[in-house]
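Asks: no FASTA, just this:
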Ligand code: XMP
Ligand code: MG
């Protein structure tokens, strides 16, 4: 599996270190708001990142997951469908969406709009990675772990055809794997 990786971009230590910083920042922001947010992980890519973040939160929050599909292979098609909805109602609640990567931005735009339509009070986004060169819609995550170049990356939750999610680092996938 590691043979398919061209280059390691971020190792486990770097990711953990950044998660500690992000968790502190997020905690301080929600404390100022006096809000008990619902932390909503987008399955499946956010799982390792979400686990790394929420274990550092010492404030009251609720945890939920959602599965949306917009992506097939390496291209986002921009049409977001809910595959698995949240269990907790988001009406009148502060929502913190946890995502693995913001690429074109289409997924998060749709997800954010959906939460607002369902009556959420506020929607914030935390994404482990940001690939700004690929953005086609005007959306920014409120909190970003690392900015990555315009390469297809896998590991730490991110997959190519469901593979590589379990790698403990973020690496660039060899183009011959998906070309
Ligand atoms: P959009 O384009 O809607 O897409 O912002 C976000 C989703 O696309 C997936 N994605 C990737 N997955 N390596 C991956 O493993 C990548 O380089 C990559 N770029 C985008 C990801 O599922 C994200 O939630
Ligand atoms: Mg995703």
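Replies: That came through, no problem. Small disclaimer: the values here were computed from a predicted structure and weren't measured. Ligands and ions are numbered 1, 2, ... in the order given.
Asks: return the set of buried residues in the longest helix along the chain.
Replies: Ranked by residue count under DSSP state H, the longest helix found in the chain is helix 12-33. Judged by neighbour count using 16 or more other Cβ atoms under 10 Å, the buried positions of helix 12-33 are 12, 15, 18-19, 22-23, 26-27, 30. No exception for glycine: its C-beta is placed from N, CA and C like everyone else's.
Asks: measure residue 120 to residue 100 for me?
Replies: Between residue 120 and residue 100 the distance is 21 Å, computed by Cβ to Cβ, to the nearest Å.
Asks: and if you look at residue 35?
Replies: 24 Å.
Asks: so for these two, which residue has more residues nearby?
Replies: residue 100 (25 against 17; other Cβ atoms under 10 Å).
Asks: helices or strands up against the host helix or strand of the more buried one?
Replies: Under the criterion of DSSP states H and E, residue 100 resides in strand 94-102. Secondary-structure packing of strand 94-102 (3 or more Cβ pairs under 8 Å, 6 or more residues apart in numbering; DSSP states H and E): helix 12-33, strand 38-43, helix 47-54, helix 106-117, strand 122-130.
Asks: just say helix, strand or coil for the nearest residue to residue 119 once chain neighbours are set aside.
Replies: Take residue 119 and drop its neighbours on the chain: the residue closest to it by Cβ to Cβ, 6 or more residues apart in numbering is residue 91, 3.9 Å away. Under DSSP: H, G, I helix; E, B strand; the rest coil, residue 91 falls in the coil class.
Asks: and residue 91, what are its phi and psi?
Replies: Main-chain torsions, residue 91, degrees, to the nearest 10: phi -60, psi 130.
Asks: from the buried residues of helix 12-33, which is closest to ligand 1?
Replies: Using Cβ to the nearest ligand atom, residue 15 comes nearest to ligand 1 of the buried residues of helix 12-33, at 14.8 Å.
Asks: so for stretch 143-157, mean pLDDT?
Replies: The average pLDDT within stretch 143-157 is 97.
Asks: does that stretch reach ligand 1?
Replies: Yes. With Cβ under 6 Å from any ligand atom as the criterion, ligand 1 is reached by stretch 143-157 at 152-154.
Asks: ok, now stretch 2-20?
Replies: No. When contact is scored as Cβ under 6 Å from any ligand atom, no part of stretch 2-20 falls within range of ligand 1; the minimum is 10.4 Å.
Asks: mean confidence score for that stretch?
Replies: Per-residue scores along stretch 2-20 average to 97.
Asks: any residues touching it, and which ones?
Replies: Here stretch 2-20 makes contact (Cβ atoms under 8 Å, 6 or more residues apart in numbering) with 49, 52-53, 56, 128, 145-146, 148, 151, 153-156, 164, 167-175, 177.
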